[in-house]
Structure formats: structure tokens, C-alpha cells
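Asks: turn this into a structure:
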Amino acid sequence: MRGADYIIKRTGFALVTVFLAVTINFLLFRAIPGDAVTNLSRVPQVTQETREALRREFGLDQSEWQQYLIYLRQLARGNLGISFGNRQPVLDNLREDLKNTIPVVLVGTIIAVVLGTVTGVVSAWRRGSVLDHTSVIGALAFYSLPTQWLGLMLLILFADTLPTGGMRDEFLLDPSFWTGTLDLLKHMLLPALTIGLVLYGEFTLVVRSAMLETLGEDYILTARAKGLRDWTVVRNHALRNALLPLVTLFSLSLGYIVAGEILVETVFSWPGIGRAVYDALLQRDYPMLQGAFLLLTLSIVIFNYLADLLYFKLDPRISE
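Replies: Below you'll find the model as predicted:
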């Protein structure tokens, strides 16, 4: 029964978090000076009557309380509103942007997990060696680097060999499947590498810490006393039990990676969720900003919720 209580508690906490996020999400952008019509004041051809008509069309002439109730009603129906920028449904815009963001996030996460796991395991197994010290220093360095700074450095270093912006080469007319795929991978490499290197340090430190704790357990000493090879002990006994924090960290990181894509996509002009947030902020596009931040918030809450359930499944001590 404790298991059911745990799941109910975590589910309720997630739902309350989502509701608070929706409310804060609405109020946050109303605190920004100006609105979508404000920028039109710099255009001489746009009259005051035109601006007032646009405010009525967008619902900006109503009180914030009325706008909030309308927002909740529309949200309950799955309607995120119409973008002020291109007059298209926000959900359609976000769906297209998300299709571009997910591949970069997945490739970057895979780079971080593989590189971080290997360096973390080797560092823990060779604790106190030059290799261990070098690995820890490198992990701390990459972990502390600002994402946008690292992206700019990679952009400068590989400007002559790899594409530095956009998603596709505009000069490729009607490319074949393999040519188009190769071009996409070239454009994706630097943004994904930026994410992977920033996360690599975190994964390395977590895996190293978990491995050191596991290597000190009695069953590891027993396995060594039986004469098992070092790699057999690491692979079959230590690593399997040390992966629990890594699985949890992986689940938690996915949501924050999506949110961190704002900086990466802005640096590399990648047409995803992050770039859409940046453009919408410049245009005071409230519906687009609300929809994008709601998506980012939901990704963090959902992946945190899944991490809680996964941890509960993998670690039976929680249900005790």
C-alpha cells in the first residue's frame, strides 16, 4: 500500500506544480513592459485606431483577470491560442519546432551519457591516479562552462569546417535522401556537441561518485576474492548497481536540456523551441511565449515525475 501512496503523492505534487506553473506562466509575460501592439507605435502608417482594433482582436483590451480565465478555458480545450507573429495556432508552431529540437537533444544526451559513463567508470577504477585527476578536472571545467560561451567557442573553432547556423544548406536544391540527411547531421553536430560537452561533466562526476561507493561494498570485495578479473567485477557487479543515480540523472536532465536549448539554438540559429522563444520574446508574442514555456515546464515536471517513479521501481528501499 505504501507504493500506491507514494505514486498518488507524487502524482498530486506534479499536478499542483503544473497548475502553479500555468498561473505563473500567464502572469510572467504580463509583467514585461509593452505588448504585441506596442512595437507598431514606431510605424508611422499605423494609426491609433488600428492599434486599438488589434488590441481588441488579441483580447489585450480586457483586464488581466478576464484574460487569465479565457486562457484557462482555452487551455482546458487544448487550445494554446493564435500566435501574434504569424497568425498560426501556437500548437502547430510548437509541434514543428519540437520536431527540430528533439533530435539535437537526443544526440547531445547520448554523447554526454556515453562519454560521462566511460570517463566516470575509468576514473573511479583508477582512483588517485593521474588519469583520475585529469578526468575530474576536465569534468568540473566543462560542468562550469556557460552553455552559450561554449557554443560560441565551438562555432569559432569549426567555422571553416562545419556549418555554423541554420538547419539545412539553402543552396541544396532537391537533394537526395542521403545528401539531405548528411547535410542535416552536419548542421546538427555543433549544437548537439555543445549540449553533450556541458552535460558530460555532470554525468562523469555522478558516475564516478556512485562507482566509488559501490566499489567499497562487501560483495565487490567478495567478487575480487574469488579471483574474478577486474573488468568482470566492474561490468557485472559494480557498474550495474552504480547506474541507478545515472538513470535518475538522465531522466531529470532531459527536461532541463529542452529548457537549456534556448541558449544553444540562439547561438546556432537552430529553428527549434529555443529559437522560437527568443523570437517570440522580441515580438511580445504572448500566446507563443506562454505555449513554449508551458511546454518547457511540462517537460521538466513530467521527466521529474518519471524519474520519481523509475527510482521507486529500481530502489525497493523507498517502499519500505
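Asks: test my guess that Phe142 contacts Tyr200.
Replies: Yes - using C-beta atoms under 8 Å, Phe142 is in contact with Tyr200, at 5.7 Å. Any C-beta I mention is one placed from the backbone N, CA and C, and that applies to glycine too.
Asks: for these two, work out which one has more neighbours and name it.
Replies: Remark: of Phe142 and Tyr200, Tyr200 carries more neighbours, 26 against 20, as counted by other C-beta atoms under 10 Å.
Asks: mind listing what that one touches?
Replies: Ile111, Ala112, Leu115, Gly116, Thr119, Ala139, Phe142 (C-beta atoms under 8 Å, 6 or more residues apart in numbering).
Asks: and these, which two are furthest apart?
Replies: Ile111 and Ala139 (14.1 Å; C-beta to C-beta).
Asks: so Leu294 is in which element?
Replies: Counting by DSSP states H and E, the element that carries Leu294 is helix 286-314.
Asks: what separates Asn25 from Gln66, distance-wise?
Replies: According to C-beta to C-beta, to the nearest Å, Asn25 and Gln66 sit 17 Å apart.
Asks: looking at the two, which is more packed in?
Replies: More crowded of Asn25 and Gln66, by other C-beta under 10 Å: Asn25, with 19 against 11.
Asks: my read is that the more buried one contacts Gln290, right?
Replies: Yes - here Asn25 reaches Gln290: they are 5.6 Å apart, a contact under C-beta under 8 Å.
Asks: give the residue spans of the stretch 151-300 of the chain that score low on pLDDT.
Replies: By pLDDT under 70, the low-scoring segments of the stretch 151-300 of the chain are 216-221, 223-224, 227-228, 230-241, 251-260.
Asks: what about the helices in it?
Replies: 177-215, 218-225, 230-233, 239-268, 273-283, 286-314 (DSSP state H, counting those that start in this stretch).
Asks: quick check: which of the ones you listed is nearest to Lys9?
Replies: Of these, nearest to Lys9 by C-beta to C-beta is helix 286-314, at 9.4 Å.
Asks: got the buried residues for that closest one?
Replies: Counting neighbours by 16 or more other C-beta atoms under 10 Å, one finds that the buried residues in helix 286-314 are 286-301, 303-308, 310-312.
Asks: do stretch 115-131 as well
Replies: Those would be Leu115, Gly116, Thr117, Thr119, Gly120, Val121, Val122, Ser123, Ala124, Trp125, for stretch 115-131 by 16+ other C-beta under 10 Å.
Asks: output it as CSV, nothing but the C-alphas.
Replies: The C-alpha coordinates for stretch 115-131 follow below in CSV (Å, rounded to 0.1, in the frame of the first residue of the first chain):
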residue,chain,number,x,y,z
LEU,A,115,31.3,9.9,-22.6
GLY,A,116,30.4,10.6,-19.0
THR,A,117,29.8,6.9,-18.2
VAL,A,118,33.2,5.8,-19.7
THR,A,119,35.2,8.5,-18.0
GLY,A,120,33.4,8.1,-14.7
VAL,A,121,33.9,4.4,-14.5
VAL,A,122,37.6,4.6,-15.5
SER,A,123,38.2,7.5,-13.1
ALA,A,124,36.7,5.6,-10.2
TRP,A,125,38.5,2.4,-11.0
ARG,A,126,41.9,4.3,-11.2
ARG,A,127,41.2,6.5,-8.2
GLY,A,128,44.1,8.7,-7.2
SER,A,129,45.9,8.3,-10.5
VAL,A,130,46.9,11.0,-13.0
LEU,A,131,44.0,9.7,-15.2
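Asks: this completes my enquiry, with thanks.
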